[in-house]
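J.: following is a predicted model, sequence given first.
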Amino acid sequence: MPKLTIDGMEIEVEAGTSVLQACEQLGIEVPRFCYHERLSVAANCRMCLVEMERSPKPIASCSMPCADGMVIRTNTEQAQRARKGVMELILINHPLDCPICDQGGECDLQDQAIAYGFDRGRYAEEKRSVPDKEFGPLINAEMTRCIHCTRCIRFCEEIAGVSVLGAVGRGTHTEVTTYIDSAISSELSGNLADVCPVGALTNKPYRFKARPWELRKTETIDVLDAVGSNIRVDARGGEVLRVLPRLNEDVNEEWISDKTRFACDGLKRQRLDRPYVRREGKLQPVSWSEALETIAVRLKGVAGRRIAGLAGDLVDAEAMVALKDLLHALGSPNLDCRQDGARYDCGVRAGYLFNTTISGIEQADAILLIGTNPRLEAPIINARIHKRYREGGLKIGLIGQQSQLNYPYEHLGGGVDPLNAVSAGKHAFADILKSSHHPMLVLGAGVLTRDDGAAIQAIAREVAVATGMVRPGWNGFNVLQLAAARVGGLDLGFLPQPGGLDTRGILEGAKAGDIEAIYLLGADEIDPSRFGAAFVIYQGHHGDRGAHRADVVLPGAAYTEKNGTYVNTEGRVQRGRMAVFPVGEAREDWKILRALSERLGVPLPYDTLGQVRDRLIAVNPLFAATGGVETAPWELFGQRGEASEEPFQPYVDNFYMTDPISRASLTMAKCIDAFVPSREGKTGTHG
């Protein structure tokens, strides 16, 4: 390990560490534009120049590896003069756009110009200008501001896995462009606004909306998929204006998907802001008291077994435990958090988790994808797979529909036959898995919604056992859940109780008249015609499918408007925080259920959020450990049986609209027009 001296301080670093990284370890700030911790080193901005003993000129610290005995000085007159010269060159062609630039107030160029720039320019010639470019509905490109740091090019290649940006021309004619006029078609394209150190690439929907010092910033969790990306919600007044990523090395690193970032405009459209009751065939606005009383009168005398409850995909754990307790008090065993109708073994936690963990993907050397398209179902997890692929030595196999993934894979077949062959060791890919040190499989949650979902789950478990995926310190069996509420609901046991009906049974019972009342807790992905003549209570935040069919509508809070607990696909318990207050008369979901229980004569035994969370822990102690992942014990699960030969299909065919929030988003609608080639499936998630 090389030992060197920086500004009089001696430090020992790992081999391969750059001088800039060594400076950071000592807390010494070195300016930079092109360098980014997660991207390859380009060393083309030269802002990070430092003085090195016995070197005739300053060196670029980002690309200089540390060597034994090296002596570095970061704040000498020579280094300062060199940086000032670089800054003057960068500003030669940079336009004076700061008053109108969306990057103002959080711009690296502004910050470093204060420290290293002059108070006037010496360049009298005309500045260079670059024609406007159209990068699509998400990224605004003002390439006259570009300083050619190439961060965006490297991000697209190395993180997003799409070759869409590059540099053309030489010298003063250099431009960063898409070569041919086209939008940036990546599910991670919004991160370009974060990696750009100037105002060349900015958030187009947020353009001219606000300045950063006007915004109230709240650290919370994304719920538009099951990854649980850590985010920061920026709001002004009662409106969420933008969503940014928050650093979490174990989950999303510092990236978020485009849906997470840009669907926030759907939070203010098609909202339910007051209770409604259906009278004479039409929903009429009423007071909270009238709405709750209507439910109490309608349910009076109805047997518990004729009442059912379904939880949706965006629901927090506090609301689910409250509804579960309420249904139990009413004597109903009919409840389910799998509104997609999935039937698989939920008795063993390892059977429905992403056991490898998201960060564990980086250890894998062989991956078998089963009926999933992670690029659309979980772009952040797909980025981890791509990251591991770029390191080399990773072999990927796919069973199911062929997809446009951003890494090479071997297509093993379309259905259960190749899966059985791998399980029996009769397929060549089985040998690859067996010979790997850290093999893993990813079972798409959409496959589990089939009638033979439990059988496929059992075959996948057999594959994991037969190929040595499960061993001390490593579990390669993974289910990629799609809904933020799913793992939390399964951990809480929001499932049919003894003698109770699951989602399919509830819908069949409603059509047959055996189920008289159905409580939809944010459940919007069910065809309303399947409720028959049942009395439907819908509690949620958007006037989506569930609200259109409901007899009583109770306005709930969206994920940015409440404090809630969520469990992501790997079993990580995380807390979301309130960024803005609920709209109109809407209330937090568990509070609505607590008030309703009072009207029904079965008051729930908690009155505060703390008491509800104590109840969560009482139901499942795993909810006490927030932020970490509890390893699930490996046990027998799945029900071996006949599996259909029908090919596996990914569940998500339209990444941009998968829930009530994104379906209400105008930005997501523009993305569909720009990126989804066919009009089919543009308003739903199901294939």
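T.: Received it, and whenever you're ready, just let me know what you need.

J.: can we go C-alpha only for contacts and neighbour counts from here?
T.: Fine.

J.: now A308, what's its secondary structure?
T.: When the structure is split into helix, strand and coil by DSSP: H, G, I helix; E, B strand; the rest coil, A308 lands in strand.

J.: can you start the count at 83 instead of 1 from here on
T.: With the count now opening at 83, the last piece we talked about shows up as A390.

J.: bridging residues for it?
T.: Beta bridges link A390 to N416, I600, judged by DSSP bridges.

J.: need the pLDDT of it.
T.: With respect to pLDDT, A390 has a value of 96.

J.: could you look up the SS state of the residue nearest to R657 when sequence neighbours are not counted?
T.: Excluding the flanking residues, the one nearest R657 by CA to CA, 6 or more residues apart in numbering is T647, at 4.5 Å. Taken by three-state DSSP, the conformation at T647 corresponds to strand.

J.: doesn't V397 make contact with T647?
T.: No - proximity of T647 to V397 does not meet the contact threshold set by CA atoms under 8 Å, at 9.1 Å.

J.: these two: which is more packed in?
T.: Per other CA atoms under 10 Å, whichever of T647 and V397 has more neighbours is V397, with 28 against 22.

J.: secondary structure element for that one?
T.: V397 is part of no helix or strand, with elements assigned from DSSP states H and E.

J.: got the contact list for the closest residue in space to it that isn't next to it in sequence?
T.: The spatially closest residue to V397, leaving aside those adjacent along the chain, is A567, at 5.4 Å (CA to CA, 6+ apart). A567 sits next to 305, 308, 394-399, 419, 648-650 when contact means CA atoms under 8 Å, 6 or more residues apart in numbering.

J.: go on, N285?
T.: N285 is in contact with 220-222, 272, 275, counting by CA under 8 Å, 6+ apart.

J.: list the beta-bridge partners for it.
T.: Taking DSSP bridges as the rule, N285 bridges to I221.

J.: who wins for neighbours among the contacts of N285?
T.: L220 (27 neighbours).

J.: now the closest residue to that residue other than its chain neighbours: how far from G218?
T.: With CA to CA, 6+ apart as the measure, K286 is the residue that lies nearest to L220, at 5.2 Å, once sequence neighbours are left out. Taking CA to CA, to the nearest Å as the measure, K286 falls 9 Å from G218.

J.: also D398?
T.: Where G218 is concerned, D398 sits at a distance of 34 Å (CA to CA).

J.: so the two - more neighbours on which side?
T.: Relative neighbour count places D398 above the other of D398 and G218, with 28 against 19, counting by other CA under 10 Å.

J.: so that one makes contact with N650?
T.: No - proximity of D398 to N650 does not meet the contact threshold set by CA under 8 Å, at 11.3 Å.

J.: overlap in contacts, those two.
T.: 567, 570.

J.: now the strands for the stretch 533-682 of the chain?
T.: Across the stretch 533-682 of the chain, reading from the start of the chain, the strands by DSSP state E, counting those that start in this stretch fall at 552-553, 556-557, 559-562, 599-603, 617-622, 634-637, 646-649, 655-658.

J.: pairing partners for the fifth one, with directions?
T.: Going back to what we said before, that points to strand 617-622. Within its sheet, and counting by DSSP bridges, strand 617-622 is paired with strand 599-603 (parallel), strand 634-637 (parallel).

J.: got the contact list for it?
T.: 354, 377, 598-605, 628-629, 631-640, 671.

J.: go again with 7 Å.
T.: When contacts are taken as CA atoms under 7 Å, 6 or more residues apart in numbering, the neighbours of strand 617-622 outside the stretch itself are 598-604, 628-629, 632-638.

J.: nearest to L349 among those?
T.: Proximity of the contacts of strand 617-622 to L349, judged by CA to CA, is greatest for G638, which lies at 12.3 Å.

J.: what's near enough to touch the closest one?
T.: Going by CA under 7 Å, 6+ apart, G638 touches 621-623, 668-671.

J.: which positions in stretch 550-566 come out as buried?
T.: 550-552, 556-566 (16 or more other CA atoms under 10 Å).

J.: just read off the phi/psi values of A378.
T.: Phi and psi for A378, reported as degrees, to the nearest 10, are phi -60, psi -40.

J.: do I have it right that it meets R681?
T.: Yes - under the criterion of CA atoms under 7 Å, A378 makes contact with R681 at 6.2 Å.

J.: got the end-to-end distance for stretch 715-734?
T.: 30 Å.

J.: next one: stretch 140-150
T.: Termini of stretch 140-150 sit 18 Å apart (CA to CA).

J.: can you give me how far it is from the chain middle?
T.: Average the C-alpha atoms of stretch 140-150, do the same for its chain, and the two points are 36 Å apart (CA atoms, centre = their mean, to the nearest Å).

J.: what's the neighbour count on M91?
T.: Neighbours of M91 under the rule other CA under 10 Å: 11.

J.: show the model's pLDDT score for it.
T.: Reported pLDDT at M91 in the predicted model: 94.

J.: what do you get for K764?
T.: According to the per-residue confidence, K764 scores 39 in pLDDT.

J.: partner strands of the helix or strand containing T87 and their direction?
T.: Counting by DSSP H and E, the element that carries T87 is strand 85-88. When pairs are called by DSSP bridges, strand 85-88 turns out to pair with strand 91-94 (antiparallel), strand 153-155 (parallel).

J.: just checking the distance from it to the centre of its chain.
T.: A distance of 41 Å separates the C-alpha centroid of strand 85-88 from that of its chain, computed with CA atoms, centre = their mean.

J.: returning to that earlier point: which of the strands paired with strand 85-88 sits closest to L574?
T.: strand 91-94 (48.9 Å).

J.: ok so, going back, now pLDDT too, for the contacts of A567, in CSV please.
T.: Output for the contacts of A567, formatted as CSV (pLDDT from 0 to 100):
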residue, pLDDT
V305, 96
A308, 95
G394, 95
D395, 95
L396, 96
V397, 97
D398, 97
A399, 97
C419, 95
Y648, 97
V649, 97
N650, 96
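
J.: make TSV out of those residues and add distance to E727.
T.: TSV is the format used below for those (distance: CA to CA, whole Å):
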residue	distance to E727
V305	34
A308	28
G394	30
D395	29
L396	32
V397	34
D398	37
A399	37
C419	28
Y648	35
V649	33
N650	31
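
J.: before we move on, the earlier item: among the contacts of strand 617-622, which one lies nearest to E459?
T.: After measuring the contacts of strand 617-622 against E459 - CA to CA - the closest member comes out as G604, at 20.3 Å.

J.: how many neighbours does that closest one have?
T.: Number of residues near G604 (other CA under 10 Å) recorded here: 26.

J.: for A390, see how far away it is.
T.: The spacing between G604 and A390, counted by CA to CA, is 14 Å.

J.: for A714, same thing?
T.: 30 Å.

J.: these two: who's more crowded?
T.: More neighbours sit around A390 than around the other of A714 and A390, counting by other CA under 10 Å; the figures are 28 against 17.

J.: the more buried one contacts C419, correct?
T.: No - at 11.5 Å, A390 and C419 do not qualify as touching, with contact defined as CA under 7 Å.

J.: re earlier: closest to F663 among the contacts of strand 617-622?
T.: Looking across these and measuring by CA to CA, the closest to F663 is G638, at 11.2 Å.

J.: identify the bridge partners of the closest one.
T.: The bridge-partner assignment for G638, based on DSSP bridges, gives R669.

J.: where does G479 land on pLDDT?
T.: pLDDT, the model's per-residue confidence, is 96 for G479.

J.: can you tell me the SS state at it?
T.: With three-state DSSP as the basis, G479 sits in strand.

J.: ok, what's across the strand from it?
T.: L450, E492.

J.: tell me the secondary structure at V258.
T.: Under three-state DSSP, V258 comes out as strand.

J.: name the nearest residue to it, ignoring sequence neighbours.
T.: Going by CA to CA, 6+ apart, V258 has A249 as its nearest residue, at 4.4 Å.

J.: returning to that earlier point: tell me which residues are up against the strand holding T87.
T.: With contact meaning CA under 7 Å, 6+ apart, strand 85-88 is reached by 92-95, 149-155.
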